[in-house]
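Student: no sequence on this one, just coordinates:
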């Protein structure tokens, strides 16, 4: 009898899951069933393509700024919370930017950040600034301070 009860319970759970899936589709504005699921999948793929185009455009702009941008530095004034477990993540960072020959200014933008980057309020980062649009900034992560690798042996600063 135990086997029949387990099969009956599994059928009941499958029916509940199907009902919940239909409700989630309706809540998201889709018709329940395969058609609604396919429409939702199509919309999600469309959103992913838009995000990918944005990333590709940002990377092209980053390459341009790295070659044509004006050297400067920027200190982190405020920032969002880094994502856990990713090797790269998007992060909102508010920077105080200093470029020789210009007044310092602040700008907040989303930046693609490597997980190895050392981040925190007051950290100074090397940047490249668009000569025509000071809001367009890229961070030179190759020259930025990095967190130590696991197990890395480092000297102690006796003045710290």
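Tutor: Nice, I can see it. A quick note: this is a predicted structure, and the numbers were derived from the prediction, not measured.
Student: any idea which helix or strand of this structure has the worst average confidence?
Tutor: The weakest-scoring helix or strand in the chain, judged by mean pLDDT, DSSP states H and E, is helix 34-68 (a mean of 74).
Student: show me what the next helix or strand after that one is packed against.
Tutor: Once helix 34-68 ends, the next helix or strand along the chain (criterion: DSSP states H and E) is strand 70-79. Secondary-structure packing of strand 70-79 (3 or more CB pairs under 8 Å, 6 or more residues apart in numbering; DSSP states H and E): strand 88-98, strand 124-129. No exception for glycine: its C-beta is placed from N, CA and C like everyone else's.
Student: strands paired with the helix or strand that the shortest one is followed by, and their directions?
Tutor: For strand 124-129, the succeeding helix or strand toward the C-terminus, using DSSP H and E, is strand 137-139. Note on strand 137-139: by DSSP bridges, its sheet partners are strand 124-129 (antiparallel).
Student: buried sites along the partner strand?
Tutor: Within strand 124-129, the residues that count as buried by 16 or more other CB atoms under 10 Å are 125, 126, 127, 128, 129.
Student: for the fourth one, name its beta-bridge partners.
Tutor: Beta-bridge pairing of residue 128, defined through DSSP bridges, involves residue 71, residue 138.
Student: for it, what are its contacts?
Tutor: 65, 66, 69, 70, 71, 72, 137, 138, 140 (CB atoms under 8 Å, 6 or more residues apart in numbering).
Student: OK, contacts around the second one?
Tutor: For residue 66, the contact set (CB under 8 Å, 6+ apart) comprises 128, 138, 140.
Student: so can I have TSV of the residues you listed showing distance to residue 149 and pLDDT?
Tutor: Formatted as TSV, the contacts of residue 66 follow (distance: CB to CB, whole Å; pLDDT from 0 to 100):
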residue	distance to residue 149	pLDDT
128	26	94
138	24	91
140	20	92
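Student: ok, of these, which one's closest to residue 18?
Tutor: Nearest to residue 18 among the contacts of residue 66 is residue 138, at 48.3 Å by CB to CB.
Student: you'd agree that closest one is up against residue 68?
Tutor: No. Residue 138 is not in contact with residue 68 according to CB atoms under 8 Å; the separation is 10.6 Å.
Student: which of those two has more residues huddled nearby?
Tutor: residue 138 (22 against 11; other CB atoms under 10 Å).
Student: ok, that one to residue 127 distance?
Tutor: Remark: distance between residue 138 and residue 127 (CB to CB, to the nearest Å) = 7 Å.
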